[in-house]
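> Curious how this folds, go ahead:
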Amino acid sequence: MIIAALIAASIAALLHVYIFSMESLTWTSKRTRAVFNATEEEAEATREMAFNQGFYNLFLATASLIGVLLVALGNLAIGATLIFAGTGSMLAAAVVLAAGSPRKATLAVRQGLFPLLAVVLLGLGVAMGR
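Reported below is the predicted structural model:
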């Protein structure tokens, strides 16, 4: 169960690194605007906010990946804490996105699926002791 959780957390983290790159590096590009269903004007108007938000995604990914590494190295308590904090925040952000922007529900599901799996699987794995 814990190994599956580590895989889900790693995928969630890698997805959030990709989200970081879109929000902080390519926000105004045609491809990224299409992903977020934003016009050129909307992208320009929200460029600074997206840049900052992208780094939040990067930091959550970093915490999750450090947690995965620590669990893999045998430090379950600290590693699981970081994974729960990182992926739990990713999951909460996906819920907020879906609730606040129903037209972006598909993006929210994509953003939240692997964090949800990581939280559930890690919780079960820790509770069962494996």
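
> Please enumerate residues in contact with stretch 21-39?
With C-beta atoms under 8 Å, 6 or more residues apart in numbering as the test, stretch 21-39 has contacts from 40, 42-44, 46-47, 50-51, 53-55, 57-58, 103-104, 107. Glycine gets a C-beta too; all of them are placed from N, C-alpha and C.

> swap in stretch 119-130?
With C-beta under 8 Å, 6+ apart as the test, stretch 119-130 has contacts from 1-2, 4-6, 8-9, 76, 80, 83-84, 87-88, 91.

> Who wins on neighbours among the contacts of stretch 21-39?
Neighbour counts for the contacts of stretch 21-39 peak at residue 57, which has 24 neighbours (criterion: other C-beta atoms under 10 Å).

> List the contacts of it.
16-17, 19-20, 23, 90.

> Residue 76 now?
2, 126.

> Next: the one 10 residues further on.
Residues counted as contacts of residue 86 (C-beta under 8 Å, 6+ apart) are 9, 12-13, 60-64, 67.

> how deep is the closest residue to it other than its chain neighbours tucked in, by neighbour count?
Excluding its sequence neighbours, the residue lying closest to residue 86 (C-beta to C-beta, 6 or more residues apart in numbering) is residue 64, at 3.3 Å. Residue 64: 32 surrounding residues under other C-beta under 10 Å.
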